[in-house]
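Participant: Generate coordinates for the sequence data below:
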Amino acid sequence: DDRASLNETLHTTEELIQFHFDVLSTLLQQVVAQRAAHDTNSEKEAETEGLLTTRFQSKSMAIDEISEVIHVPNLDNITDVSQTNSDSENGADRLEASLLSPDVKSQLGLYIARIADMYLGSNPFHNFSHASHVTFSAFQLLRRIVARDIAGCRTPGGSSSNEKCHDDADPWKSLPFELQESSDVLASNSLAQFALIFSALIHDVDHRGVSNTQLAKENPDVASKYQFKSIAEQNSVDIAWELLEEESFRDLRAAIFSTKEERAHFRNMVVNVVLATDICDPGLREFRERKWAKAFSSSDLEELAEDALLDDGLCQPSSPVEERSRKASVVMDLIIQAADISHTMQPFDVYLQWNERLYREMYNAYRKGRSQYNPSDGKWYQGELMFYDKHIIPLASRLKDSGMFGQVGDTLLENAQENRTDWEIQGLELAAKMHAETERRFHLVTDNEESLSPARRCRIWPSFLCCRSRRTLLAKGKRSQSQPDREESETDDESDDESSIDQSCLLGSSRVKAS
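Facilitator: All right, here's what the predicted structure looks like:
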């Protein structure tokens, strides 16, 4: 049923947009509240106004902005707006200053909707549902750090004065001091938390359903622009940042950053977090391993230094502030990487659902001549086992060993190990079933696409807000069902319909309020 499919697609996307809004608006309110609590700069309004009228000028690619240390200041505990004393004059002023204005909320919702529309609904895996799954997973991991801070379970030295925290099962008691420092920094900085979840939202926007290698073949001009490095990831950063700098998001930008320094910090965090999701680039992989060694493992660092791998300055002594920021940036990398493939560390049925989606995406690319990799020739089964051994289980082990995520870290590692065992036993049979279903879907979609005009394709497989309004779409879908015999005689009307759809897609989500 075309209309039922349309209803389900729009309803699901609306729910996911609302989820992102709830999370990001809460974090952004904390950003504003923390800024109000620490702001002593009388010239800030003038600087903010200047930021809103000038675009960020980057002289390099996003990948060139990757840094070993993301400056994350260690601020006081996050301001809890609900507990602000509104009876006092200062408390009332601070409460008012910490609340998001209706314009900021409206622009945040519109920004999320625009980003959602830029994810390709034709991708079985790299779509807005995947972005939402990553956002949810990153938020849950982040909460494990922040919740301890808000509850008063830690001091900068790692000790606790809160009675409810004195518990034999308290994971923070055995947390190494270096990790206490990094978690303290991240837990105390609202802008860093907002940047992390914002990055999860945008990290795969405009993903084309193929690897960076294939992207370079299909669009050499874009690949050349990014010097053939992390093409999809850099493209996602550029698209999301250009959208944020549109005039229609002026108030949203002012809420996120009010000074040039804040803007630089925010962009630096977003670039580094999004680029951390590129786990295929060997140079980036080596860089992250070296950064982790510098931050947390003195023995590993010595080994790397002996191998002369740290000639670029990573061995140079650092200040305490720089060390804390480096550790916090490593933790942010760890969270986004785990969230990006979190389905592999969740229950087996969840893993299978997302694994099948990824299989379909890669098989579709192969059948359409967009990839030389054929997952149906037996490589998929072995590839999953290798991925678990080489990447997933080591990453899950690092989550557990860090101690920062409590029992969640243990559970994720256990799930990863159990999934690997279950796949080794059942994987061959499951892969065969997966392929049969994917082949059936491929022929079904291909046949439908060949028989439908672009306008009717949009009605059946819409991207969110691509067409003018849900009411218009449903009305046209009903008309096409009730009058199928008139389709050939309505060629002119269909052509007009296509033009209006194209125009509506160009306008994007600016029609949200109107509809």
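Participant: which residues of the chain score low on pLDDT?
Facilitator: Along the chain, the model assigns pLDDT under 70 to residues 1-11, 39-59, 73-98, 146-183, 297-318, 445-515.
Participant: Isn't residue 284 up against residue 233?
Facilitator: No: with contact defined as Cβ atoms under 8 Å, residue 284 does not reach residue 233; the gap is 9.3 Å. C-beta coordinates here come from the backbone N, C-alpha and C atoms, glycine included.
Participant: and those two? which has more neighbours close in?
Facilitator: Between residue 284 and residue 233, counting by other Cβ atoms under 10 Å, residue 233 is the more crowded of the two (24 against 19).
Participant: Flag every buried residue along stretch 422-437.
Facilitator: Under the neighbour-count criterion of 16 or more other Cβ atoms under 10 Å, stretch 422-437 has 423, 427, 430, 431, 434, 435 buried.
Participant: Overlap of the contact sets of residue 284 and residue 233?
Facilitator: Residues touching both residue 284 and residue 233 by Cβ atoms under 8 Å, 6 or more residues apart in numbering: 275, 278.
Participant: what does stretch 350-359 contact?
Facilitator: 124-125, 130, 133, 343-344, 375, 380, 384, 419, 430-431, 434-435, 437-438.
Participant: Show me which of those residues is closest to residue 100.
Facilitator: residue 133 (25.8 Å; Cβ to Cβ).
Participant: Relative to residue 283, how far out is that closest one?
Facilitator: Distance from residue 133 to residue 283, counting by Cβ to Cβ, to the nearest Å: 28 Å.
Participant: So those two - more neighbours on which side?
Facilitator: Taking neighbours as other Cβ under 10 Å, residue 133 and residue 283 compare with residue 133 leading, 19 against 11.
Participant: So which elements touch the strand or helix carrying the more buried one?
Facilitator: Taking DSSP states H and E as the criterion, residue 133 maps to helix 128-150. On a contact count with 3 or more Cβ pairs under 8 Å, 6 or more residues apart in numbering; DSSP states H and E, helix 128-150 meets helix 2-38, helix 177-188, helix 190-202, helix 320-340, helix 348-367, helix 407-451.
Participant: hmm, try it at 10 Å
Facilitator: Applying 3 or more Cβ pairs under 10 Å, 6 or more residues apart in numbering; DSSP states H and E, we find helix 128-150 packed against helix 2-38, helix 102-118, helix 177-188, helix 190-202, helix 320-340, helix 348-367, helix 407-451.
Participant: deepest of those, which one?
Facilitator: Ranked by mean neighbour count, those are led by helix 190-202 with a mean of 25 (mean count of other Cβ atoms under 10 Å).
Participant: buried sites along the helix or strand just after that one?
Facilitator: Going down the chain from helix 190-202, the next helix or strand is helix 212-218, by DSSP H and E. Neighbour counts over helix 212-218 (16+ other Cβ under 10 Å) mark 212, 214, 215, 216 as buried.
Participant: Excluding chain neighbours, what is closest to the third one?
Facilitator: Distance criterion Cβ to Cβ, 6 or more residues apart in numbering; nearest residue to residue 215, sequence neighbours excluded, is residue 231 at 4.8 Å.
Participant: Is the one you found in contact with residue 216, as I believe?
Facilitator: Yes: when contacts are counted by Cβ atoms under 10 Å, residue 231 is listed as touching residue 216 (6.3 Å).
Participant: what residues do the two have in common as contacts?
Facilitator: Common contacts of residue 231 and residue 216 (Cβ atoms under 10 Å, 6 or more residues apart in numbering): 222, 223, 224.
Participant: Scan the residues you listed and report the most crowded one.
Facilitator: Going by other Cβ under 10 Å, residue 223 tops those with 18 neighbours.
Participant: so that residue is in which element?
Facilitator: In the assignment (DSSP H and E), residue 223 maps to helix 220-225.
Participant: Any chance you could list what contacts that helix?
Facilitator: If you take Cβ under 10 Å, 6+ apart as the criterion, helix 220-225 is touched by 61, 212-213, 215-217, 219, 228-229, 231-232, 234-235, 238.
Participant: Swap in 7 Å and give it another go.
Facilitator: With contacts defined as Cβ atoms under 7 Å, 6 or more residues apart in numbering, helix 220-225 is touched by 215, 216, 231, 235.
Participant: Can you give me the distance of the second one to residue 348?
Facilitator: Summarising the geometry, the distance separating residue 216 from residue 348, computed by Cβ to Cβ, is 35 Å.
Participant: what's the answer for the third one, then?
Facilitator: Separation of residue 231 from residue 348 (Cβ to Cβ) stands at 33 Å.
Participant: Tell me the secondary structure of residue 71, please.
Facilitator: Following DSSP: H, G, I helix; E, B strand; the rest coil, residue 71 is assigned to coil.
Participant: Residue 111 reaches residue 251, doesn't it?
Facilitator: No: judged on Cβ atoms under 7 Å, residue 111 makes no contact with residue 251 at a distance of 10.9 Å.
Participant: still on that earlier bit, can you add distance to residue 70 and give the helices and strands packed on helix 128-150 back as JSON lines?
Facilitator: Below are these laid out as JSON lines (distance: least, Cβ to Cβ, whole Å):
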{"stretch": "helix 2-38", "distance to residue 70": "16"}
{"stretch": "helix 102-118", "distance to residue 70": "22"}
{"stretch": "helix 177-188", "distance to residue 70": "10"}
{"stretch": "helix 190-202", "distance to residue 70": "8"}
{"stretch": "helix 320-340", "distance to residue 70": "4"}
{"stretch": "helix 348-367", "distance to residue 70": "29"}
{"stretch": "helix 407-451", "distance to residue 70": "22"}
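Participant: which one of those lies closest to residue 66?
Facilitator: Ranking the helices and strands packed on helix 128-150 by proximity to residue 66 (Cβ to Cβ) places helix 320-340 first, at 10.1 Å.
Participant: Name the residues of the helix or strand residue 251 falls within that come out as buried.
Facilitator: Element membership of residue 251 [criterion: DSSP H and E] is helix 250-256. Buried residues in helix 250-256, defined by neighbour count with 16+ other Cβ under 10 Å: 251, 252, 253, 254, 255, 256.
Participant: Could you check how far the fifth one is from residue 30?
Facilitator: This means residue 255. Relative to residue 30, and taking Cβ to Cβ, residue 255 is found at 11 Å.
Participant: and if you look at the third one?
Facilitator: Plainly put, residue 253 is 17 Å away from residue 30 if you go by Cβ to Cβ.
Participant: go on, the last one?
Facilitator: Going from residue 256 to residue 30 by Cβ to Cβ gives 12 Å.
Participant: cool, the first one as well?
Facilitator: From residue 251 over to residue 30 the distance is 17 Å, taken as Cβ to Cβ.
Participant: now swap in residue 188 and tell me
Facilitator: To residue 30, residue 188 is 11 Å away according to Cβ to Cβ.
Participant: can you check residue 129 too?
Facilitator: Distance from residue 129 to residue 30, by Cβ to Cβ: 27 Å.
Participant: And for residue 294?
Facilitator: Per Cβ to Cβ, residue 294 is found 30 Å from residue 30.
Participant: Looking at the contacts of stretch 350-359, which is nearest residue 24?
Facilitator: For the contacts of stretch 350-359, the nearest to residue 24 is residue 133 (15.8 Å; Cβ to Cβ).
Participant: what sits against the closest one?
Facilitator: Residue 133 makes contacts with 342, 343, as judged by Cβ under 7 Å, 6+ apart.
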